[in-house]
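Peer 1: Using only what follows, build the 3D model:
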Amino acid sequence: MPRIVVLGAGLGGMSAAYELRDTLGPAAEILVIGEGDLFSFTPSNPWVAVGWRSSDDIQLQAATCLAKRNIGFEGVGAERVDPAANRVLLRDGRHLAYDYLVIATGPRLAFDEVPGLGPAGHTHSVCTTPHASAAYAAYQAFLDDPGPVVVGAAAGASCFGPAYEFAMILDRDLRKRKLRDRVPMTYVTPEPYIGHMGLGGVGDSKGLMESELRQRHIRWITNASITGVRDGEMDVAEMDEDGQPKKTHTLPFRYSMVLPAFTGVDAVRGVEGLGNPRGFILIDRQQRNAAYPNVYALGVCVAIPPVEVTPVPTGAPKTGFMIESMVTAVARNILADIEGTRGTAEATWNAICLADMGDTGVAFVALPQIPPRNVTWARAGKWVHVAKIAFEKYFLMKMKSGHTEPIYEKYVLKLLGIMRTR
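Peer 2: Residues are numbered from 1 along each chain as shown. Down below sits the predicted model:
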């Protein structure tokens, strides 16, 4: 049996390794390359940033989990992918040869595209668990001397859910501490309207999300491009519907969390035939790269066009349910190739999101992600908050035990099916 290397040990990479083992059987050699030794349950990062979770609560030792399914692990990280030679250069100088490569790296966080943005600048992030832990350390200091807060996303961002979540979780935490009256909050986003989510809206997400922000006294600026950040100040250009400058804002802040735009990671950027100019992996309907047919990709690292053109650039999100669907397609198509046939499995690019808001939440369903849709549904309620907590525990339990089933399909779809009838 061939050697399959999975590049990335996040939600997509770990799930791909487990499903490849289930699909290909015990004889296949499967090896995962991660950035460090830990798997993090990224959806819980907003809770880490306010101290509702610790990093230890949402992280697992990747090698230990994978070893239960006889899957190898390298935590030194990848320096460069060399698909012409069927190998990956590791950061310690070694090369790993492969017969099939599955790229599931997630994104590079493009903080550098806005001067002063990011943990190395003047804003915080919940994109990684270390970032969220650093955000919590800064939040503890902020609580001693609270003031204005700015939360949002930079131009070109494609993952808006965590920004909405963090703004409302922060609101809830401050209310519990009796400090909310001392903290003016502004939500800044490139979305053309609140609730766009990079999806062109889902059902009445505009009205629903605007209502949630109003109830929490969070003002907003849409069609916004953050042009620069200084210590305690953020410059924002607000555009009109044609993408022309409409108004400029200088927002003071004592604490800020802003999600950046994404690009492909350095290990794959600039490899001819592999990705687009931003470094996202080019794939066909079977998740296969045309230039290198033994290379597959899934998750945030794949090239997906925006759902629609917006005055300020926004990208299309890749939710956990969509990623899991990609995982299944990749595993089935690699099996078909090994057996000498051409795989035809396709992912269902549907968007399903459970967004926590501290003491309530909103569920979004867009089937398929790109309109027109067969199903468009959004609903708010405390049940979403409870469901997301339960899903976190369920996912980590399954990941620790060896993840032998489609987690989103089993849990989230059944949950949403029950709630839609109520």
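
Peer 1: can you give me the helices for the stretch 201-350 of the chain?
Peer 2: The residue ranges that make up the helices of the stretch 201-350 of the chain, judged by DSSP state H, counting those that start in this stretch, are 205-215, 320-338.

Peer 1: Just say which of the ones you listed is most tucked in.
Peer 2: When neighbours are counted by mean count of other Cβ atoms under 10 Å, the highest per-stretch mean among the helices of the stretch 201-350 of the chain falls to helix 320-338, a mean of 23. In this view, the C-beta of every residue, glycine as well, is placed from N, C-alpha and C.

Peer 1: could you point out which element follows it?
Peer 2: Per DSSP states H and E, helix 320-338 leads on to strand 351-356 as the next helix or strand towards the C-terminus.

Peer 1: so where's this structure shaky on pLDDT?
Peer 2: The model of the chain has pLDDT under 70 over residues 404, 409-422.

Peer 1: Show me it divided up by domain.
Peer 2: For the chain, automatic domain parsing gives the domain ranges 3-109+263-348, 111-261.

Peer 1: got JSON lines for those domains, with distance to Gly358 too?
Peer 2: Supplementary listing: these in JSON lines, determined by distance: least, Cβ to Cβ, whole Å:
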{"stretch": "domain 3-109+263-348", "distance to Gly358": "9"}
{"stretch": "domain 111-261", "distance to Gly358": "3"}
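
Peer 1: before we move on, back to that, quick one: which of the helices of the stretch 201-350 of the chain is nearest Ser15?
Peer 2: helix 320-338 (4.8 Å; Cβ to Cβ).

Peer 1: Could you give the separation of the closest one from the chain centroid?
Peer 2: Taking Cα atoms, centre = their mean, to the nearest Å, the mean C-alpha location of helix 320-338 is offset from the chain mean by 19 Å.

Peer 1: just stretch 210-220 next, same as before
Peer 2: Relative to the mean C-alpha coordinate of its chain, stretch 210-220 is positioned 24 Å out (Cα atoms, centre = their mean).

Peer 1: Now the terminal residues of that stretch, how far apart.
Peer 2: The first and final residues of stretch 210-220 sit 9 Å from each other (Cα to Cα, to the nearest Å).

Peer 1: Lys393: which of the domains of the chain is closest?
Peer 2: domain 3-109+263-348 (9.8 Å).

Peer 1: Tabulate the CA atom coordinates of stretch 242-258 in CSV.
Peer 2: Taking Å, rounded to 0.1, in the frame of the first residue of the first chain, the C-alpha atoms of stretch 242-258 are listed here in CSV:
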residue,chain,number,x,y,z
ASP,A,242,-19.4,51.2,-5.3
GLY,A,243,-16.3,50.7,-3.2
GLN,A,244,-15.5,54.4,-3.2
PRO,A,245,-14.4,56.3,0.0
LYS,A,246,-17.4,57.5,1.9
LYS,A,247,-16.1,58.4,5.4
THR,A,248,-13.0,57.9,7.5
HIS,A,249,-13.0,57.0,11.1
THR,A,250,-10.3,57.1,13.8
LEU,A,251,-11.5,54.7,16.5
PRO,A,252,-9.9,54.9,19.9
PHE,A,253,-9.5,51.5,21.7
ARG,A,254,-8.1,50.1,24.9
TYR,A,255,-8.6,46.5,23.6
SER,A,256,-9.1,45.2,20.1
MET,A,257,-9.5,41.8,18.4
VAL,A,258,-9.5,41.8,14.6
